[in-house]
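1. Okay, predicted coordinates and the sequence, questions at the end:
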Amino acid sequence: MRLVKLDLDHAPYDILIARDLLTQVQHILPLLPQKRVAIVTNETVAPLYLPQLQVALEANGVQVQAIVLPDGEKYKTWETLNLIFDGLLGARAERKTTLIALGGGVIGDMTGFAAAVYQRGVPFIQIPTTLLAQVDSSVGGKTAINHPLGKNMIGSFYQPKLVLADLSTLDTLPPREFSAGLAEIIKYGLIDDLAFFEWLEANIDVLMARDTDALAHAVEHSCQNKARIVAADEKEHGQRALLNLGHTFGHAIEAGLGYGAWLHGEAVAAGMVLAALASKELGQISATDLERITALIAKAGLPTVSPALGAERYLDLMAQDKKVDAGKIKFILMRRLGESYIGELTVPVIQAALTAGCAAA
Ligand SMILES: NC(=O)c1ccc[n+]([C@@H]2O[C@H](COP(=O)([O-])OP(=O)(O)OC[C@H]3O[C@@H](n4cnc5c(N)ncnc54)[C@H](O)[C@@H]3O)[C@@H](O)[C@H]2O)c1
Ligand SMILES: O=C(O)C(=O)C[C@@H](O)[C@H](O)[C@H](O)COP(=O)(O)O
Ligand SMILES: [Zn+2]
């Protein structure tokens with residue numbers, strides 16, 4: 001088993017990574033303040049993984065309530081969040097009841113938000129079952145729901161007590177969802193880890209074949225990078241915003257097309273290409289660097305061309321970004337391959353990147 005620690009002063013926690021972790025409830029039991037949990041999952045994941053977890057917990061005397069939500073980014077809403085509260089209140093869940101998020105990033109983000117506000121805060125545990133959730137969303141405590149006007153606009157920072165990343169759950173993940181997870185993995189290389197980017201270039205084929213060792217390394221290394229950045233800036237006062245590479249454009253794509261049309265990872269992938277194009281426009285990365293970034297993203301089965309929403313619509317959607325400060329949109333840009341920074345772009349540079357990076361209208 002691989003162990004990554006998130007060293008937050010007020011709430012350190014472990015990220016455990018291995019195959020067949022789901023039923024190893026000995027990692028969960030000592031963290032429960034009361035032998036009672038509510039597992040929040042969805043209609044796709046429940047038949048695959050809920051019974052094993054539930055049986056293992058109940059065999060250890062834990063009272064288990066399951067809350068099964070509809071599946072999809074379009075359900076990451078206030079209404080669905082309320083279904084969690086309906087379930088918890090209906091079963092008289094208490095302050096010491098632990099919420100367990102069993103699923104991808106949508107379930108993790110919504111369960112974390114529910115845990116942050118139910119009775120003003122109850123413990124929660126992340127059991128991520130998508131690659132994207134294992135390498136990114138289950139770690140770091142960002143929780144949220146979407147608003148029609150903007151992605152993840154309503155939420156809180158609220159840390160889990162534990163992350164259990166069972167690599168065997170990835171066996172059932174559809175290829176498109178697997179690729180979506182690779183987008184966030186590639187992101188870590190581009191933020192500040194050229195060696196990891198180069199490792200990904202060399203290993204993308206074995207990763208796509210879901211080789212166990214390569215996958216375990218990619219998940220562990222991604223979690224180490226994310227844990228390092230989050231530990232230094234939990235509430236995103238500064239450098240944590242680097243984890244938003246590709247997201248300023250990407251969130252505009254998700255909201256602009258309607259949540260769920262493109263997967264989050266797909267939008268981030270195309271958004272990273274737009275960020276690279278803007279960085280090249282500024283003379284900071286070369287045509288060869290741009291080609292390497294685009295080639296890796298394409299080999300990971302991800303889109304490199306963004307949808308033609310029109311520059312005005314992109315600008316309008318990006319004006320809602322959470323990084324906007326005094327009306328100015330902040331972007332994560334590339335100083336060179338494997339080194340990113342938080343900066344601003346002029347409208348002509350944004351337009352040039354969109355012209356080069358979007359499909360013809
Ligand atoms: N909090 C954060 O730091 C953070 C980071 C990155 C992304 N996110 C959020 O995460 C969400 C995207 O997460 P995602 O990519 O996991 O999408 P998702 O949660 O929608 O899961 C993708 C699909 O895979 C299914 N699924 C889950 N596990 C499965 C399995 N093991 N086998 C088969 N199917 C399975 C789901 O039911 C869903 O249909 C977005 O809402 C994004 O904003 C949050
Ligand atoms: O953890 C972070 O910080 C991230 O930015 C990770 C992103 O991959 C994730 O999609 C996050 O939800 C985006 O953050 P947001 O604050 O722009 O919603
Ligand atoms: Zn993301």
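-> All right, it came through fine. Ligands and ions are numbered 1, 2, ... in the order given.
2. can you pull the contacts of the closest residue to ligand 1 within the stretch 251-361 of the chain?
-> Residue nearest to ligand 1 within the stretch 251-361 of the chain (CB to the nearest ligand atom): residue 264, separated by 4.0 Å. In short, each C-beta sits where N, CA and C put it, glycine included. Contacts for residue 264 were tallied using CB atoms under 8 Å, 6 or more residues apart in numbering; they are 73, 105, 132, 180, 250, 254.
3. Emit the PyMOL select command for whichever of these are buried.
-> Restricted to buried positions by 16 or more other CB atoms under 10 Å, the PyMOL selection for those reads:
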select buried, resi 73+105+132+180+250+254
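4. Can you flag which of the contacts of residue 264 belong to helices?
-> 105, 132, 180, 250, 254 (DSSP state H).
5. just checking, the last one touches residue 268?
-> Going back to what we said before, that points to residue 254. No - the pair residue 254 / residue 268 is not scored as a contact, 9.0 Å apart, by CB atoms under 8 Å.
6. Now residue 314. Nearest residue, chain neighbours left out?
-> residue 252 (5.2 Å; CB to CB, 6 or more residues apart in numbering).
7. Tell me how many other residues crowd residue 237.
-> By other CB atoms under 10 Å, the residues close to residue 237 number 8.
8. wait, which of the ones in helices among the contacts of residue 264 is closest to residue 224?
-> Closest approach to residue 224 among the ones in helices among the contacts of residue 264 (CB to CB): residue 132, at 16.7 Å.
9. show me what contacts the closest residue to the closest one other than its chain neighbours?
-> Using CB to CB, 6+ apart and skipping residues adjacent in sequence, the residue nearest residue 132 is residue 181, 3.9 Å away. Neighbour list for residue 181: 130-136, 173, 265 [criterion: CB under 8 Å, 6+ apart].
10. now swap in residue 46 and tell me
-> Counting by CB under 8 Å, 6+ apart, residue 46 touches 66, 68.
11. Tell me how this protein divides into domains.
-> 2-172, 175-214+231-357 (automatic domain parsing).
12. sorry, back to before: ok, the residue nearest to residue 314 - contacts?
-> 271, 309, 313-314, 317-318, 321.
13. Over to residue 292?
-> 201, 337.
14. likewise residue 347?
-> Applying CB under 8 Å, 6+ apart, the residues near residue 347 are residue 315.
15. do you know how far it is from residue 325?
-> From residue 347 across to residue 325, the span is 17 Å (CB to CB, to the nearest Å).
16. With ligand 1 in mind, check whether stretch 26-42 reaches it.
-> Yes - Stretch 26-42 is in contact with ligand 1 by CB under 6 Å from any ligand atom, via residue 42.
17. How about stretch 338-356 and ligand 2, any contact?
-> No - Stretch 338-356 stays clear of ligand 2 (CB under 6 Å from any ligand atom), getting no nearer than 11.9 Å.
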